[in-house]
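Engineer: Build me a structure from this.
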Amino acid sequence: MIADDMARKRLAKWVFLVAGTGVATVLIALAACWLTLEYIPAWYAPPELTERDWPRVRASLSATYQTFTDKLMEGQPFEFELEAATVNEWLAAREALWPESREALPPFLRDPVLTFCDGEARLGVRFSSGEIDAILSFDLRIESRNQELVVQLDRVAIGAWSLSRERAPKWLDDRIRTMSGQDAHRSERLAEQSPSIDADRPIQSLVEGITVENRFYWSNGGQYFRFDSLTTEDDRLHVKIEILPPPNPSLARRVHRPRTR
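Structural biologist: I've put the predicted structure just below:
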């Protein structure tokens, strides 16, 4: 009897130990998942701007626009550089500078931040859906291939959790489609940018690579140009611009015309 009691006590002890270890493991795993989702990358820091900053940011955007225009009008190849910090201020003040930009992102994505590093552009946005409030980030490779510009997704992550390039696009596209509803205007705008964009599967299109004809028209002065090269490093985007002659009239409709202000 004593031996049986001791055996039962040892069994109960092991059962409680195993159960306790299992519960602790589950709690640790859940905490790790939560911390992974809650992780905010060091580079993701949206500028904190107030109305007092808007005139300065507007002046910065106007000056950059004018500098680029003046370089184009000289009619010679030139190099141009943008700093991520400057671009991020434009993004932070975009609704004050350009009210129509509210339609550029669906309501569950906000506070975009861009950084340039190691041959890639990294875009981060805050993703809010139900209980999820995390940073969604995309590593994008941008290449100039003579007649085309190609933008391709290298990596996508939510918090510190890297998502599969095979499965993540479908999951994200489904969420975007469900949460955005049937926005016909947004779909039409996407389709106009490039025939390689599937308006119903924009993330999958990025994985496969979005192509845009590398021939652009700058309406302020009527100049045609192309990107000879694009390099990203040290939070800077560096581009080399080649001036192009006007296209044949039959090709004019194919030229991409950037929206200018």
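
Engineer: count of neighbours near the closest residue to Trp90 other than its chain neighbours?
Structural biologist: In space, and not counting its chain neighbours, Trp90 is closest to Leu61: 5.5 Å by C-beta to C-beta, 6 or more residues apart in numbering. Every C-beta, even on glycine, is put in place using the N, C-alpha and C of the backbone. By other C-beta atoms under 10 Å, the residues close to Leu61 number 19.

Engineer: if I look at Leu61, how far off is Asp70?
Structural biologist: Distance, Leu61 to Asp70, using C-beta to C-beta, to the nearest Å: 15 Å.

Engineer: Ok, Asp133 next?
Structural biologist: 44 Å.

Engineer: now swap in Thr86 and tell me
Structural biologist: 18 Å.

Engineer: same check, this time on Gln204
Structural biologist: Going from Gln204 to Asp70 by C-beta to C-beta gives 40 Å.

Engineer: got it, and Leu237?
Structural biologist: Per C-beta to C-beta, Leu237 is found 19 Å from Asp70.

Engineer: which strand of this structure spans the most residues?
Structural biologist: Across the chain, the longest stretch assigned as strand under DSSP state E is strand 132-145.

Engineer: pLDDT of that strand, averaged?
Structural biologist: The average of the pLDDT scores along strand 132-145 is 85.

Engineer: what packs against that strand?
Structural biologist: Contact analysis of strand 132-145 by 3 or more C-beta pairs under 8 Å, 6 or more residues apart in numbering; DSSP states H and E lists helix 2-38, strand 120-129, strand 148-158, strand 223-233 as its packing neighbours.

Engineer: shaky segments in the stretch 151-261 of the chain?
Structural biologist: Where the stretch 151-261 of the chain drops to pLDDT under 70, the residues are 164-169, 171, 173, 175-200, 248-261.

Engineer: quick one, helices of it?
Structural biologist: For the stretch 151-261 of the chain, the helices defined by DSSP state H, counting those that start in this stretch cover 168-180, 184-193, 202-208.

Engineer: Go through stretch 219-236 and flag the buried ones.
Structural biologist: Under the neighbour-count criterion of 16 or more other C-beta atoms under 10 Å, stretch 219-236 has Gln223, Tyr224, Phe225, Arg226, Phe227, Leu230, Thr232, Asp235, Arg236 buried.

Engineer: now, among the residues you listed, which is nearest to Asp154?
Structural biologist: Compare each of those with Asp154 using C-beta to C-beta and the shortest gap goes to Thr232, at 12.3 Å.

Engineer: what sits against that closest one?
Structural biologist: Phe116, Cys117, Asp118, Gly119, Glu120, Ala121, Ile142, His238 (C-beta atoms under 8 Å, 6 or more residues apart in numbering).

Engineer: Bridged to it, which residues?
Structural biologist: Beta-bridge partners for Thr232, by DSSP bridges, are Leu237.

Engineer: re earlier: quick one: which of Leu237 and Asp70 has more around it?
Structural biologist: Set side by side, Leu237 and Asp70 show more neighbours around Leu237, with 18 against 11, by other C-beta under 10 Å.

Engineer: contacting residues for the more buried one?
Structural biologist: By C-beta under 8 Å, 6+ apart, the contact set of Leu237 is Glu81, Leu82, Ala84, Val87, Phe116, Ala121, Leu230, Thr231.

Engineer: Which of the residues you listed sits closest to Ile158?
Structural biologist: Using C-beta to C-beta, the contacts of Leu237 come closest to Ile158 at Ala121, 18.3 Å.

Engineer: Count the residues that sit near the residue lying closest to that closest one once chain neighbours are set aside.
Structural biologist: Of all residues not flanking Ala121 in the chain, Leu140 sits nearest, at 4.8 Å (C-beta to C-beta, 6+ apart). Leu140: 18 surrounding residues under other C-beta under 10 Å.
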